[in-house]
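Q: mind looking at a prediction? Sequence and model below.
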Amino acid sequence: MSLTRADVEKVSLLGRLRLSEAELDKMTEQLARVVGYVEQLREVNTEGVQPMAHALDMHNVFRDDALAASLPRDAALANAPKRDSECYRVPAVLGE
Amino acid sequence: MTARSAAELIADLNARKVSSAELTKGYLDQIAKHDGRVKAFLLVDPAAALARAKEIDDRRAAGKPVGKLGGLPVAIKDVICTQGVRTTCASRMLENFVPPYDATVVTKLKSADAVLIGKTNMDEFAMGGSTENSAYFKTTNPWDTSRVPGGSSGGAAACLAAGMAPLSIGTDTGGSIRQPAALCSVTGLKPTYGRVSRYGLVAFASSLDQIGPLGRSAEDCAVLLEVLAGHDPRDSTSANLPVPEYSKTVNQPLAGLKLGLVREYFGAGLDAEIEAAVREAVKVYQSLGATVKEVSMPHSKYGIATYYIIAPSEASSNLARYDGVHYGYRTEEKAMLAELAAEQQKLEAAKDQKKLADLDTPLVRLYRQTRAEGFGPEVKRRIMLGTYTLSAGYYDAYYLKALKVRRLIRGDYDQAFEQVDFVVGPTTPSPAFKIGEKSSDPLAMYLEDLYTVTANLAGIGGISIPCGFTKSGLPIGLQMQCRPFDEERLLRAAAMYQRATDWHTKRPKLG
């Protein structure tokens, strides 16, 4: 299973990255080497092994359902690249 | 001043032998003198630091209570949110980001009366092992400024080595505290996962990230860990366990210490001088009464492969938040939309229906262009790698497989810790390399992490302490890893070594 340029192009859309033609070439070569390296995990027998997503065996961490102050709207919007009073601004999403 | 330990400086502050303002001024002078060459800091605000120091001094003079750090300056890695103080993660993406809140560790530092002296440089979003991936500038190693300080907490380690701060805070996802500590000859501790709250730490790989202390000695790290550690209701992965008084016990030696030397750590690729220094350090422990036995960790050789699936997978998900909408960088919209319109016209003229259908919508292009301009090459590589290993058809073969091997790696540690108290070995396979030496080969750079990534995968604690120098004068680090939440004894074991040796007291000569 080797990584192709078409794979990389598709992944760049999934990952929401725009890559130039030169970047696509370089990325394909570099990622193929890394993917080739991690393929060695195939040789490990993991039959019956439970996946370990997390280091701490904690489940269902709850807190009290108590009212508390949250970040004021202006503070939350202060770092927005573009805002319109109470909202974030983005380019038109719907067709004209 | 810079020859004294954090514990001694705090005692001096409390005895009013020195004021926080004098001490802070002293470190600011060191920064002014050396940081032009070392370039450890992304941000220093002398006026704010001095004002804060004076406020603590005034409080002490008025006989009011002063916190555990007593006005001692602390440097903070720029991946940790500081309210009202720019936090960039060394990325263009967050060039103008001013957090609206403090990370829990910052709140704790402030209530312990630390003086925040500056924000330190790092690899962008903590991705890298050399600090060369900072979008702003490369930090140099104070022992040889043509070499890297390690990373990603390169600024955090270099500022200590250069005497520009007495303590600093780093983060460790795959070795990012321990490796720069080793390359700069300082002491750095990665606590057990869950020991320190991650609230307000900009996420890289959430199941691996952990904040920890760097200092001149294990004793310094104990002082700082005591302030940082503890349960936080705002981080559901923080452990609800009492915090030992690390600073009170750190100088008590451990009797009957059992060390495990990992057979697999001493294979091909390990620098001969590092191996010799580590074996010498083990002899020092034997002279202090420790017994040493060889242990085997057969899955450790899969650490890098496992890590470079899991960490990028989590990163690709965490970094999805940088969308150019909520905060951070956004591409210049007019140019972006004009380019998109031109592409559309061209495809329409060519009647290329397939490519027309595939053309980005304006919103998708906003995301893609913003991220193309805001992220550096290493961050892009990891997003790509993680998106690939999580994508349909590959998830089981890569991500799920890696999670299973992760369990086996943890099993190796559990078995080792049934026989020994600590697992010992080198922190890095080679000493600090030249700036630029590995930057064109990502895989070669990743392979440098082989001794450190497994502690993150297993979620256990680890410390790097100075244990010598190569013939050419480059620092060497000894790594000791402990059972989960056994930092109290780990620090005591490290302090035992440091009372018997003086490697940690050596300082580089800076012009």
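A: Thanks, I have the structure now. Residues are numbered from 1 along each chain as shown, chains lettered A, B, ... in the order given.
Q: the helix or strand harbouring B:Ser317 vs chain A: in contact?
A: Element membership for B:Ser317 (DSSP states H and E) is helix B:303-318. Yes: if you take C-beta under 8 Å from any C-beta of the partner chain as the test, helix B:303-318 does meet chain A, through B:Ile304, B:Ala305, B:Thr306, B:Tyr308, B:Ile309, B:Ser316. C-beta coordinates here come from the backbone N, C-alpha and C atoms, glycine included.
Q: any chance of those in TSV, plus pLDDT, neighbour count and distance to B:Ala349?
A: Output for those, formatted as TSV (pLDDT from 0 to 100; neighbours: other C-beta atoms under 10 Å in any protein chain shown; distance: C-beta to C-beta, whole Å):
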residue	pLDDT	neighbour count	distance to B:Ala349
B:Ile304	97	22	49
B:Ala305	98	23	48
B:Thr306	98	26	50
B:Tyr308	97	26	44
B:Ile309	97	29	44
B:Ser316	98	24	36
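Q: now the two most distant members of these.
A: Distances among those were taken as C-beta to C-beta; the most separated pair is B:Ile304 and B:Ser316, at 18.3 Å.
Q: the one residue in chain A that gets nearest to chain B: what secondary structure?
A: Among the residues of chain A, A:Ala55 lies closest to chain B, at 2.2 Å counting by C-beta to the nearest C-beta. Three-state assignment for A:Ala55 (DSSP: H, G, I helix; E, B strand; the rest coil): coil.
Q: so which residues of the stretch 1-150 of chain B form strands?
A: Assigned by DSSP state E, counting those that start in this stretch, the strands in the stretch 1-150 of chain B fall at B:41-43, B:73-77, B:115-120.
Q: okay if I get these as a markdown table plus mean pLDDT, distance to chain A and mean neighbour count?
A: Output for the strands of the stretch 1-150 of chain B, formatted as a markdown table (pLDDT from 0 to 100; distance: least, C-beta to the nearest C-beta, whole Å; neighbours: other C-beta atoms under 10 Å in any protein chain shown):
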| stretch | mean pLDDT | distance to chain A | mean neighbour count |
| --- | --- | --- | --- |
| strand B:41-43 | 98 | 16 | 20 |
| strand B:73-77 | 98 | 19 | 28 |
| strand B:115-120 | 98 | 17 | 28 |
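Q: what's the local residue count around B:Ser146?
A: By other C-beta atoms under 10 Å in any protein chain shown, the residues close to B:Ser146 number 11.
Q: so which bits of stretch A:44-52 are buried?
A: The neighbour-count check on stretch A:44-52 (16 or more other C-beta atoms under 10 Å in any protein chain shown) flags A:Val44, A:Thr46, A:Val49, A:Met52 as buried.
Q: and it, is it in reach of chain B?
A: Yes: Stretch A:44-52 comes into contact with chain B (C-beta under 8 Å from any C-beta), by way of A:Val44, A:Thr46, A:Val49, A:Gln50, A:Pro51, A:Met52.
Q: between the strands of the stretch 1-150 of chain B, which gets nearest to B:Tyr246?
A: Short answer: strand B:73-77, nearest of the strands of the stretch 1-150 of chain B by C-beta to C-beta, at 16.0 Å.
Q: return the residues in contact with B:Leu225.
A: B:Leu225 is in contact with B:Leu189, B:Pro191, B:Arg195, B:Val196, B:Gly212, B:Pro213, B:Tyr246, B:Glu487, B:Leu491, counting by C-beta atoms under 8 Å, 6 or more residues apart in numbering or on different chains.
Q: so which two of those residues are the farthest from each other?
A: Spatially, the most separated pair among the contacts of B:Leu225 is B:Val196 and B:Leu491, at 14.1 Å (C-beta to C-beta).
Q: in the stretch 401-511 of chain B, what residue lies closest to chain A?
A: Closest point on the stretch 401-511 of chain B to chain A, by C-beta to the nearest C-beta, is B:Gly459, at 2.2 Å.
Q: and the helices in the stretch 1-150 of chain B?
A: Counting by DSSP state H, counting those that start in this stretch, the stretch 1-150 of chain B has helices at residues B:6-14, B:20-38, B:46-61, B:104-111.
Q: Throw those helices into CSV and include mean neighbour count, thanks.
A: Shown next, in CSV, are these (neighbours: other C-beta atoms under 10 Å in any protein chain shown):
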stretch, mean neighbour count
helix B:6-14, 19
helix B:20-38, 19
helix B:46-61, 17
helix B:104-111, 22
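Q: between those helices, which one is closest to chain A.
A: Closest approach to chain A among those is made by helix B:104-111 (14.7 Å; C-beta to the nearest C-beta).
Q: quick one, the closest one and helix B:46-61 angle?
A: Here helix B:104-111 runs at an angle of 50 degrees relative to helix B:46-61 (axes from the mean of the first three to the mean of the last three C-alpha atoms, to 10 degrees).
Q: next one: helix B:104-111 to chain centre, how far?
A: 18 Å (C-alpha atoms, centre = their mean, to the nearest Å).
Q: which helix in chain A runs the most residues?
A: helix A:21-38 (DSSP state H).
Q: so B:Val423 sits right up against B:Glu264, yeah?
A: No: contact criterion C-beta atoms under 8 Å: B:Val423 and B:Glu264 do not qualify, at 10.9 Å.
Q: between those two, which contacts overlap?
A: B:Met297.
Q: now the helices for chain A?
A: For chain A, the helices defined by DSSP H occupy A:5-14, A:21-38, A:73-77.
Q: check whether the shortest one contacts chain B.
A: Yes: with C-beta under 8 Å from any C-beta as the threshold, helix A:73-77 lies in contact with chain B, specifically through A:Ala75, A:Ala76.
Q: quick one: pLDDT of A:Leu94?
A: Here, the pLDDT recorded for A:Leu94 equals 65.
Q: B:Ser152 is in what secondary structure piece?
A: Per DSSP H and E, there is no helix or strand for B:Ser152.
Q: list the residues that contact it.
A: Contact analysis of B:Ser152 by C-beta under 8 Å, 6+ apart lists B:Met122, B:Asp123, B:Ala126, B:Met127, B:Gly128, B:Gly129, B:Thr131, B:Asn133, B:Thr171, B:Thr173, B:Ser176, B:Pro180.
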